[in-house]
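**Q** What follows is a predicted structure for the sequence shown.
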Amino acid sequence: MGTAVNFVLFSSNGAVTNTGSSNLTGNIGTNNGSSTGFGNVNGVMHDDDGTTATCATDLLNAYNQLKTTIPTFFPSPLLGNGDTLVAGVYSITATTSLNLNLTLDAKGDGNAVFIFKIEAAFSTGAFSQVILINGAKACNVFWKIEGLVSMAMGTIMKGTVIANNAAINMNKSVSLEGRALSTTGAVSVNGVLAYTPAGCGAALLTGPVAPDLGSTVCYALFSSNGAVTNSGITRVKGDIGTNVGLTTGYNPLFVNGNIHTIPDGSTSACAADLLNVYNYLNTLPYDIQLLYPAQFGNSLVLTPHTYLMNAATTLTDTVFLNAEGNINAVFVIQINGAFTTSTFATVVLTNGTQAQNVYWKIEGAVTINSSSNFKGTIICNNASISLQTGTSLTGRALTTKGGLTTFAITDSIPAGCSALPVSWLYFRGTSVHENVLLQWATAVEINNSFFTVEKSRDGITFETLTTANAATGAEKPEYDYSFIDTKPYNLGYYRIFQTDKDGQRSYFTTILVKMSINSDLKVLHYVRESYIYVQTSGAAPGDGSIVLYSVDGKKMSSQKIVLTNELNTYKIPKPMQAGIYLLHIESNGKNLYNVKVMLD
């Protein structure tokens, strides 16, 4: 096939045209005419250039080679209808049609070749198909046709079709794994799927060499210069931070990684490494230019290459990234302009594509709209990134300069980040009498300095409860720690993080511990002079309050107290006006005691 192997549609002498939305992988062109009507093509468009001149010569050589093959079978011109054929050279002298199913059986021989020499026009019936079994490959199937080729709606065709001195017409919903090539004649397609076949010595697509991410590999969200902010519940696996500005709004409960609230040594290293990554991606020579950035997506299939879109780009609906079975294949998409997606836009990884091998280099603001499902590492240069509500990102969002905002998203870095300093086993809390026993354990500790345990009433605002130094001495299979909270809340949240020797934090998890309200609580109240005296005993420890209400619900006074099991006496200012009042005692948001008080 020579250079013709790279073309999915080609005419040595004739126009090549498209109508409707076609999905095409492979080069497209003509050596005498023009290629018109095509949107984004996963290949290079060539018209009347050195590449097409070489292709025309190679196509003629391939045609002549097929023409001189010696036939081994002479079937009826009515192909298909459930027939199964074995490898060989098939010669048909009359106008030929394909209907229903035609099965090509390689009998387990991956090198089996099927050649059909048709000395007249060839057509297919609607929804007819060629089926390959037992090792048969589309790259080993050839159709040499001396006349018009017409493929009806829904045809599934396999192999390289070479029409001699005639046109090729492919109608709506035709699927071709192979090539449609004409020595002289127009090639016309209308809303088809066509792609060059793999195998038979074709080069394995690997894409470019991936960049060295350096320290950016562990960051899910980062700006070298700009605020990083969040609204809503955002769940992140990976580090978050900025090297100039503040990182705010992220709940450590939902972040499996380090939250760098202010710039530090890690963010400084990340900023330097991010610039290196950007410079590498920015200078990569592209293989394929997608000519219509505003139409990006729409079920377009891309294979491992470096792609260029030289203007602002919108991803609509779906783009498929097909590694063709090579799990190490790399995709780089260079966008010289802003990048946005439609709502519910999706990047689909197929045939072994890994999110860690997908890179988007963008020269402008990035907006991933609501409920999109995005894959790969976004490298934004000198502009902001906005990840909208419900977005799911498997990858990273990194900008060299600009704010980064997230709104209730999910983001998980792909493989590549080295292990965190601590391998956590558990963190748990148990109510023991009037205390809470906190216990935690780790399996591995690397560069660990100390642990910090925090407590909270609401699971949002935390205060430091204690710190504990990391274990020292010989390595052990498990490191165990514990602490007793002697003044627990009736309903208390606890969380833990470790700080390594470089000052970096790693949060683990948040737990909830509920204390039982002591049913032995005893309350005595009496009035003396200008005060109401309240005595309590037998209470579970906890912070609370005593509130006095009028009968119409107006708060007359409120006093914070600390309940204990011991006898405690509190005095409440007596209201000036006589009447009936309600005395209310609560602790940790729970009502413990209510009584009516008559005041003279």
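**A** Right, received. Where do you want to start? Residues are numbered from 1 along each chain as shown.
**Q** now what about stretch 43-63, what contacts it?
**A** For stretch 43-63, the external contacting residues (CB atoms under 8 Å, 6 or more residues apart in numbering) are 1-4, 6-8, 10, 12-13, 24-35, 38, 144, 162, 164, 181, 183, 287-289, 291. Any C-beta I mention is one placed from the backbone N, CA and C, and that applies to glycine too.
**Q** Now that we have those residues, which of them are buried?
**A** The neighbour count (16 or more other CB atoms under 10 Å) marks 1, 3-4, 6-8, 10, 12, 24-31, 33, 35, 38, 144, 162, 164, 181, 183, 287-288 as buried among these.
**Q** Which ones among the contacts of stretch 43-63 map onto strands?
**A** Residues of these located in strands (DSSP state E): 7-8, 10, 24-25, 27-30, 35, 144, 162, 181, 288-289.
**Q** Between these, which sits nearest Glu454?
**A** Using CB to CB, Ile288 comes nearest to Glu454 of the ones in strands among the contacts of stretch 43-63, at 52.1 Å.
**Q** That closest one and Asp47, how far apart?
**A** According to CB to CB, to the nearest Å, Ile288 and Asp47 sit 16 Å apart.
**Q** Wait, Phe122 touches Ser97, no?
**A** Yes - with contacts counted by CB atoms under 8 Å, Phe122 reaches Ser97, the gap being 7.4 Å.
**Q** between the two, who's got more neighbours?
**A** Between Phe122 and Ser97, counted using other CB atoms under 10 Å, the more crowded position is Phe122 (26 against 18).
**Q** In contact with the more buried one, which residues are there?
**A** If a contact means CB under 8 Å, 6+ apart, then Phe122 has 95-98, 143, 145, 147-150 as its contacts.
**Q** Make CSV out of the residues you listed and add pLDDT, distance to Ser456 and secondary structure.
**A** As requested, the contacts of Phe122 are exported to CSV (pLDDT from 0 to 100; distance: CB to CB, whole Å; DSSP: H, G, I helix; E, B strand; the rest coil):
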residue, pLDDT, distance to Ser456, secondary structure
Thr95, 97, 82, coil
Thr96, 97, 78, strand
Ser97, 97, 76, strand
Leu98, 97, 71, strand
Trp143, 98, 72, strand
Ile145, 98, 76, strand
Gly147, 96, 80, coil
Leu148, 97, 77, coil
Val149, 97, 73, strand
Ser150, 98, 73, strand
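**Q** so which of the residues you listed is the most crowded?
**A** Neighbour-wise, those (other CB under 10 Å) top out at Trp143, 26 neighbours.
**Q** What is the burial count for Tyr250?
**A** For Tyr250, using other CB under 10 Å, the count is 21.
**Q** For it, which residues are in contact?
**A** Residues near Tyr250 by CB under 8 Å, 6+ apart: 230, 234, 236, 240, 259.
**Q** ok, for the first one, nearest residue in space, not its chain neighbours?
**A** On the basis of CB to CB, 6 or more residues apart in numbering, the spatially nearest residue to Asn230 that is not a chain neighbour turns out to be Gly249, at 3.5 Å.
**Q** Look up how far Asn448 lies from that neighbour.
**A** Taking CB to CB, one finds Gly249 at 27 Å from Asn448.
**Q** quick one, helices of the protein?
**A** 50-67, 265-283 (DSSP state H).
**Q** Surely Tyr581 and Tyr549 touch.
**A** Yes - under the criterion of CB under 8 Å, Tyr581 makes contact with Tyr549 at 6.6 Å.
**Q** Residues that sit against both of those two, list them.
**A** Overlap of the contact sets of Tyr581 and Tyr549 (by CB under 8 Å, 6+ apart) consists of Met556.
**Q** Neighbour count for those two, which is higher?
**A** Comparing Tyr581 with Tyr549 by other CB under 10 Å, the one with more neighbours is Tyr581, at 23 against 16.
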